[in-house]
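[1] Predicted model follows, preceded by the sequence.
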Amino acid sequence: MNIRVCPAVVVLSQNSVTVGRKITNVLAGAKLYGLVNRTHDVDISFTNFGETLRELFAAGTPIIGICAAGILIRTIAPLLTDKGQEPPILAVAEDGSAVVPLLGGLSGVNDLARQVGLGLNIQPAITTTGDIRFHTALLSPPVGYHLANPEHGKKFIADLLAGGKVKLQGIAPWLSESNLPIDENGELIIQITENLGNSDANCLVYHPGKIAIALTNPEPDTITQIHQILAESNLAPTAVAGIFAPLQLANNSQLHSIATTLGVPTRFLPTNELTELVLAATGADGRIVSSPFSHIAVAISTQIINPDTIGQTQGKLAIIGTGPGASQWMSPQVKEILAAATDLVGYKTYINLIGHLADGKRVHESDNRVEAERAYQALDLAASGKYVAVVSSGDPGIYAMAAAVFEVLEQYHKPEWQTIDIQVAPGISAMQAAAATIGAPLGHDFCVISLSDILKPWEIIAQRITAAATSDFVIAFYNPVSKERTWQLAAAKKILMEYRKPNTPVVLGRNLGRKGEEVKVTTLEELEPGLADMRTVIIIGSSHTRQIQQDHNIWVYTSRRYNAED
C-alpha cells in the first residue's frame with residue numbers, strides 16, 4: 001500500500017467515535033478528529049468541518065470520513081485538479097457497515113479501504129475495474145516501488161482490460177503473484193529496474209528501492225554530488241531507499257535536508273566507515289557503485305531495502321504538558337505527539353490522565369519523586385532511536401519535567417544524548433486553570449512560588465514571599481501542603497499578613513480537570529493548611545484583586561488599572 005502519511009479519521013458525532021477508534025487501532029499513527037461540542041475522547045478537535053477537511057486534503061493527508069459520501073465529495077470538490085496528487089479519501093458508514101473508497105486511486109485508496117475493512121470485518125466497496133480483475137493496483141505500487149511514468153498508466157490499463165498481454169521484465173512478487181495476464185510474448189511491457197531509461201505508452205517502469213547511500217560528512221553541495229554519481233551510473237534517484245550515516249550525525253540538519261530532498265528516510269549506525277554503512281543496508285553481496293567523493297558511498301542491493309530494519313532512526317524526546325487533567329485542556333500538539341510516540345515516561349497518575357492516548361505505547365512508570373531518574377531513563381530510551389514522550393501534568397516547564405530533563409542532560413554529558421531531537425510542548429498550567437474557573441485573578445502582574453523546601457531552603461522561599469508581598473504581586477503557590485509538610489503554608493500566611501489585608505481574596509483550586517475538582521474562594525485571614533494538599537494550587541490576591549457576585553456565581557479578578565493614588 002502506497003500510504004506514507006498517517007490518515008485522519010474524521011467524525012461529526014459521538015456515535016461515530018467507537019467506529020473511529022476501531023479504525024485508528026488498525027492504522028498506525030492515524031488520528032481521530034472530532035467536532036467540538038459534538039464529540040469527546042478524540043485526538044484532535046476541530047470547529048469547522050469544511051476548512052479542516054480541505055486543509056487535510058491540501059496537506060496530502062489520507063482522509064477517512066465516518067459520514068455520508070456526499071458531504072465528503074462536496075467538501076473536497078473545489079480542490080480537485082490533479083488526479084495524481086490526490087490523497088486517499090474514504091467514506092465509512094457510522095455503524096461501520098460500509099467502506100467506500102472515493103478518491104486517491106493513484107495513492108493507494110483501495111489498499112487503504114481493504115485495511116479499514118479488515119479492521120471492521122467487512123468487505124470494502126471497491127469499484128476500480130483493473131483492481132478487481134487483476135488483484136493489483138498498477139498505478140499505486142506498494143512501498144519499495146516507484147512508478148516512473150504514471151502518465152502512461154491510463155492507456156496501459158485500458159489496453160490490459162481490452163485483452164492485452166504483458167511481458168514482465170525484472171522481479172516484483174506483487175506483480176508476478178497477481179492476476180495480470182503475464183505472457184513472455186506480451187505486447188505490453190512492465191519493467192522493474194533501478195536504471196534510468198526511456199519508455200512509451202506500452203511500457204510501465206517501476207524503480208525498486210534497492211539503492212543505499214552512505215554519508216559521513218554532509219556538505220551543502222552533497223546533494224548535487226549524489227545526483228552526479230547516480231546520473232553517471234544511469235541510476236534513478238527514485239530507486240534510492242534511504243540515507244545511512246554514523247549515529248553521531250543524527251542531529252545534522254544538512255543530512256536531514258538531503259534525505260528530505262530525495263524523499264527517503266535516514267537511518268543511523270554505530271560506525272564511521274563508509275563501506276560498512278552502505279553494506280549494512282544492502283547486505284554483503286551489495287554492488288558498490290563508483291564514487292569520486294570520499295564522504296559518499298553508493299551501493300545496490302539484490303533485494304528491496306527496508307530501512308526500518310537497518311540501524312535506528314534519530315531518537316526523539318518530547319516533554320509534554322497534558323494540562324490539569326481534562327482532555328479538552330490538552331493541546332492538539334500534545335495529542336499529535338502522544339499519537340506518534342513509541343514510549344511514554346512519567347508518574348503513573350499523570351499517564352493515567354491521558355486515557356486511550358496511551359494505548360499501544362510502551363509505558364515506563366515511576367514514583368513522583370524520582371524526576372532525575374525518570375529524565376535519565378527517557379534520554380537513554382530516546383538515544384536508542386525511540387520516540388519518547390515525558391508526560392507531565394499542567395505545563396512541563398513549570399515545576400515539572402522539562403527542567404529535570406535539561407538538568408540531567410547538562411550533568412552527565414553522554415555523547416549519545418547529543419544525537420536526540422528534543423522539544424518541549426506546553427500545557428495549560430494549574431494556576432491558569434484555577435484562574436479561568438473563578439474569573440481572572442491573574443489579570444495583572446503575578447508571580448509563582450513553590451512552597452516545597454525539598455529542592456531549595458525555606459529561607460529562600462521566605463525571601464521570595466516577602467519580596468512578592470511587598471511588591472504587591474498576585475502570588476500563585478504550588479506544592480502548598482503535603483503529608484510531611486504542613487507548616488510552610490502557615491508560615492507563608494504569617495508573612496503575607498504583614499503586607500496584605502485580612503480580607504484579601506484567596507482562590508484554592510484542587511484536582512482541576514479531574515474527578516473531585518473543587519474551586520473555593522476564601523480570604524487570607526481564613527486560609528489554613530487543612531484546606532490544601534499537593535493537588536491544590538493557591539492564588540493569593542493583591543491589593544487590586546476583587547471578589548464580585550453575579551447571581552449565584554462568585555468571580556475573582558485583579559484589575560488591570562492602577563490609579564496614580566494607588
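    Everything's here; your move.
[2] where along the stretch 151-300 of the chain do the strands fall?
    166-169, 188-192, 203-208, 211-215, 240-246, 266-269, 287-289, 296-300 (DSSP state E, counting those that start in this stretch).
[3] closest one to residue 43 among these?
    strand 266-269 (26.8 Å; Cβ to Cβ). For glycine as for every other residue, the C-beta is placed from the backbone atoms N, C-alpha and C.
[4] Which residue ranges of the stretch 301-450 of the chain form helices?
    332-340, 348-352, 371-383, 401-412, 430-438 (DSSP state H, counting those that start in this stretch).
[5] so can I have JSON lines of the strands of the stretch 151-300 of the chain showing mean neighbour count, mean pLDDT and distance to residue 475?
    Listed next are these as JSON lines, based on neighbours: other Cβ atoms under 10 Å; pLDDT from 0 to 100; distance: least, Cβ to Cβ, whole Å:
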{"stretch": "strand 166-169", "mean neighbour count": "18", "mean pLDDT": "95", "distance to residue 475": "76"}
{"stretch": "strand 188-192", "mean neighbour count": "20", "mean pLDDT": "95", "distance to residue 475": "70"}
{"stretch": "strand 203-208", "mean neighbour count": "23", "mean pLDDT": "96", "distance to residue 475": "65"}
{"stretch": "strand 211-215", "mean neighbour count": "28", "mean pLDDT": "98", "distance to residue 475": "54"}
{"stretch": "strand 240-246", "mean neighbour count": "26", "mean pLDDT": "97", "distance to residue 475": "51"}
{"stretch": "strand 266-269", "mean neighbour count": "23", "mean pLDDT": "96", "distance to residue 475": "48"}
{"stretch": "strand 287-289", "mean neighbour count": "15", "mean pLDDT": "96", "distance to residue 475": "67"}
{"stretch": "strand 296-300", "mean neighbour count": "23", "mean pLDDT": "97", "distance to residue 475": "60"}
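[6] With distance to residue 50 added, can I get those strands in TSV?
    Shown next, in TSV, are the strands of the stretch 151-300 of the chain (distance: least, Cβ to Cβ, whole Å):
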stretch	distance to residue 50
strand 166-169	43
strand 188-192	41
strand 203-208	37
strand 211-215	42
strand 240-246	38
strand 266-269	37
strand 287-289	50
strand 296-300	47
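[7] rewinding a little: so for residue 501, which of the helices of the stretch 301-450 of the chain sits nearest?
    Closest to residue 501 of the helices of the stretch 301-450 of the chain, according to Cβ to Cβ: helix 430-438, at 19.0 Å.
[8] Which neighbouring elements make contact with the closest one?
    strand 474-478, strand 505-510, strand 518-523, strand 536-540, strand 553-558 (3 or more Cβ pairs under 8 Å, 6 or more residues apart in numbering; DSSP states H and E).
[9] Same list (these) but as a markdown table, adding mean neighbour count, mean pLDDT and distance to residue 220.
    A markdown table is the format used below for these (neighbours: other Cβ under 10 Å; pLDDT from 0 to 100; distance: least, Cβ to Cβ, whole Å):
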| stretch | mean neighbour count | mean pLDDT | distance to residue 220 |
| --- | --- | --- | --- |
| strand 474-478 | 24 | 97 | 48 |
| strand 505-510 | 24 | 95 | 53 |
| strand 518-523 | 16 | 94 | 57 |
| strand 536-540 | 25 | 96 | 50 |
| strand 553-558 | 18 | 93 | 53 |
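[10] Mind checking those for the one nearest to residue 282?
    For the helices and strands packed on helix 430-438, the distance to residue 282 is smallest for strand 474-478, at 55.2 Å, taking Cβ to Cβ.
[11] quick check: angle from the closest one to strand 536-540?
    Interaxial angle, strand 474-478 versus strand 536-540 (axes from the mean of the first three to the mean of the last three Cα atoms, to 10 degrees): 160 degrees.
[12] Next, format the helices of the stretch 301-450 of the chain as a markdown table and append mean neighbour count, distance to residue 305 and mean pLDDT.
    Conversion of those to a markdown table gives the following (neighbours: other Cβ atoms under 10 Å; distance: least, Cβ to Cβ, whole Å; pLDDT from 0 to 100):
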| stretch | mean neighbour count | distance to residue 305 | mean pLDDT |
| --- | --- | --- | --- |
| helix 332-340 | 19 | 24 | 88 |
| helix 348-352 | 17 | 36 | 87 |
| helix 371-383 | 21 | 24 | 95 |
| helix 401-412 | 17 | 34 | 96 |
| helix 430-438 | 22 | 49 | 94 |
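[13] would you list those in JSON lines and tack on distance to residue 135?
    Below are the helices of the stretch 301-450 of the chain laid out as JSON lines (distance: least, Cβ to Cβ, whole Å):
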{"stretch": "helix 332-340", "distance to residue 135": "33"}
{"stretch": "helix 348-352", "distance to residue 135": "44"}
{"stretch": "helix 371-383", "distance to residue 135": "42"}
{"stretch": "helix 401-412", "distance to residue 135": "50"}
{"stretch": "helix 430-438", "distance to residue 135": "55"}
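[14] closest to residue 19 out of those helices?
    helix 332-340 (17.9 Å).
[15] so where's the stretch 101-250 of the chain uncertain?
    Across the stretch 101-250 of the chain, nothing is flagged by pLDDT under 70.
[16] The same query, at a cut-off of 90, please.
    Scanning the stretch 101-250 of the chain for pLDDT under 90 picks out 104-111, 114, 126-143, 150-151, 153-154, 157, 161, 177-179, 197-201.
[17] and if you look at the stretch 401-550 of the chain?
    Using pLDDT under 90, the stretch 401-550 of the chain drops low at 413, 454-455, 482-486, 511-517, 533-535, 549-550.
[18] Present the helices and strands packed on helix 430-438 as JSON lines; the columns should include distance to residue 281.
    Compiled in JSON lines, the helices and strands packed on helix 430-438 are given as follows (distance: least, Cβ to Cβ, whole Å):
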{"stretch": "strand 474-478", "distance to residue 281": "50"}
{"stretch": "strand 505-510", "distance to residue 281": "55"}
{"stretch": "strand 518-523", "distance to residue 281": "58"}
{"stretch": "strand 536-540", "distance to residue 281": "52"}
{"stretch": "strand 553-558", "distance to residue 281": "61"}
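[19] Among those strands, which comes closest to residue 238?
    strand 474-478 (54.6 Å).
[20] May I have whichever helix or strand comes after that closest one exported as CSV, CA atoms only?
    Sequence order places helix 487-497 as the next helix or strand after strand 474-478, per DSSP states H and E. The C-alpha trace of helix 487-497 is given here as CSV (Å, rounded to 0.1, in the frame of the first residue of the first chain):
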residue,chain,number,x,y,z
TRP,A,487,3.8,24.2,58.4
GLN,A,488,5.0,26.0,55.3
LEU,A,489,1.6,27.4,54.3
ALA,A,490,1.0,28.7,57.8
ALA,A,491,4.5,30.3,57.7
ALA,A,492,3.7,31.9,54.3
LYS,A,493,0.4,33.2,55.6
LYS,A,494,2.1,34.8,58.5
ILE,A,495,4.5,36.7,56.2
LEU,A,496,1.6,37.8,53.9
MET,A,497,-0.5,39.1,56.8
